[in-house]
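Colleague: Need a 3D model of the following:
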Amino acid sequence: LLLSAGIAMFVTAAAILAYDAYLFVAFRRRRLHPTEGVNPGPEPSSRWRTSVALVMLAWAPLLVSAAIVIVPAGMAGVRVSQTRGTLAGTLYPGVHLVMPMIEHVELFNTRDQLFTTGVTEDALVKGAAKGEALHVQAKEGLTLGLAITVRYQVDPKRLDYIEANLPQPLEKEIVPPVVATTWRELAPNYTVREVFSAKREEVRQRASELIRKRLANDGIVVKEVMLRDIELPHEYAKGLESLLLKE
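Modeller: Residues are numbered from 1 along each chain as shown. Down below sits the predicted model:
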């Protein structure tokens with residue numbers, strides 16, 4: 001509404017000047033080409049003061065509208081000043097006031113988010129192509145493909161730190177490298193069989209603790225780390241299958 005009012009004032013000011021110019025041109029034509037018996041009338045006056053007043057008034061609703069920021073549900077924001085940098089404090093969903101043309105608000109998604117490697121169950125239902133698994137090396141030097149899902153949330157209380165210090169977006173620049181590095185550091189401590197069956201839950205719990213601790217330092221709250229599937233090396237899988245059948 002405020003933007004519409006400001007724009008309408010600008011348009012009205014321009015229309016007044018255009019109409020006055022039209023009247024002046026029409027008057028000049030009547031003076032240069034007089035018609036017998038027709039009085040050209042008085043010279044029209046310019047209403048430029050009215051136009052200037054409208055233009056000045058138009059800035060008021062525009063500045064007020066620029067000072068109003070709405071943070072939608074499921075989001076949170078932090079104020080960034082052109083002169084003081086990132087300001088402390090979090091703006092939660094609702095209406096907030098900022099300094100127009102000096103401050104702006106950076107919004108962050110505070111809902112639960114998922115980082116996933118490998119094919120997902122939803123993709124299988126839809127018939128999508130298999131995604132790229134996270135490849136790690138076990139104790140024997142064999143490569144495993146891990147299908148992992150990490151459920152996390154940005155800590156709303158630390159948005160000022162995140163905006164001022166971390167590369168954006170977090171879901172691409174921070175979470176994937178930390179998750180991948182943690183699993184690649186942890187997997188070489190276990191054999192393929194331990195990761196696949198004997199100590200699968202232990203590996204998942206240790207990875208969850210390390211990922212949670214590392215991301216907590218960056219203001220990211222990890223709620224759950226899921227090891228959904230393990231892709232064994234082809235020859236190893238055939239040998240393991242044969243061994244299990246014999247057992």
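
Colleague: C-terminal to the helix-or-strand element of the chain with minimal mean pLDDT, what's the next element?
Modeller: Ranked by mean pLDDT, DSSP states H and E, the weakest helix or strand in the chain is helix 121-126, scoring a mean of 49. Per DSSP states H and E, the first helix or strand lying C-terminal to helix 121-126 is strand 134-137.

Colleague: packing partners for that following strand?
Modeller: Counting contacts by 3 or more CB pairs under 8 Å, 6 or more residues apart in numbering; DSSP states H and E, strand 134-137 is packed against strand 143-154, helix 175-186. Every residue, glycine included, has its C-beta placed from N, CA and C.

Colleague: among the ones you listed, which is nearest L32?
Modeller: L32 lies closest, by CB to CB, to one member of the helices and strands packed on strand 134-137: strand 143-154, at 71.7 Å.

Colleague: for the closest one, which positions count as buried?
Modeller: L144, G145, L146, A147, I148, T149, V150, Y152, V154 (16 or more other CB atoms under 10 Å).

Colleague: just to revisit the earlier point, select, out of the helices and strands packed on strand 134-137, the one closest to V221.
Modeller: When the helices and strands packed on strand 134-137 are compared by CB to CB, strand 143-154 sits nearest V221, at 4.9 Å.

Colleague: so what does the closest one touch, helix or strand wise?
Modeller: Packing contacts for strand 143-154, counted by 3+ CB pairs under 8 Å, 6+ apart, involve strand 113-116, strand 134-137, helix 175-186, strand 220-231.

Colleague: For that strand, which strands pair with it and how are they oriented?
Modeller: Strand pairing for strand 143-154, determined by DSSP bridges: strand 113-116 (antiparallel), strand 134-137 (antiparallel), strand 220-231 (antiparallel).

Colleague: What average pLDDT does the second one get?
Modeller: It stands for strand 134-137. Averaging pLDDT along strand 134-137 gives 90.

Colleague: The first one too?
Modeller: Here the mean pLDDT over strand 113-116 is 93, rounded to a whole number.

Colleague: try stretch 8-19
Modeller: Mean predicted lDDT for stretch 8-19 stands at 90.

Colleague: could you pull out the helices for the protein?
Modeller: 2-32, 48-67, 121-126, 159-165, 170-173, 175-186, 192-193, 200-216, 234-246 (DSSP state H).

Colleague: Of those, which is nearest H104?
Modeller: Nearest of those to H104, taken as CB to CB: helix 48-67 at 9.2 Å.

Colleague: quick check: angle from the closest one to helix 2-32?
Modeller: Put simply, helix 48-67 runs at 160 degrees to helix 2-32, going by axes from the mean of the first three to the mean of the last three CA atoms, to 10 degrees.

Colleague: Give me the contacts around helix 48-67.
Modeller: 2-3, 5-7, 9-10, 12-14, 16-17, 20, 97-101 (CB atoms under 8 Å, 6 or more residues apart in numbering).

Colleague: from the residues you listed, which would you call buried?
Modeller: Buried, going by 16+ other CB under 10 Å: G6, M9, F10, A13, I16, L17, D20, V98, out of the contacts of helix 48-67.
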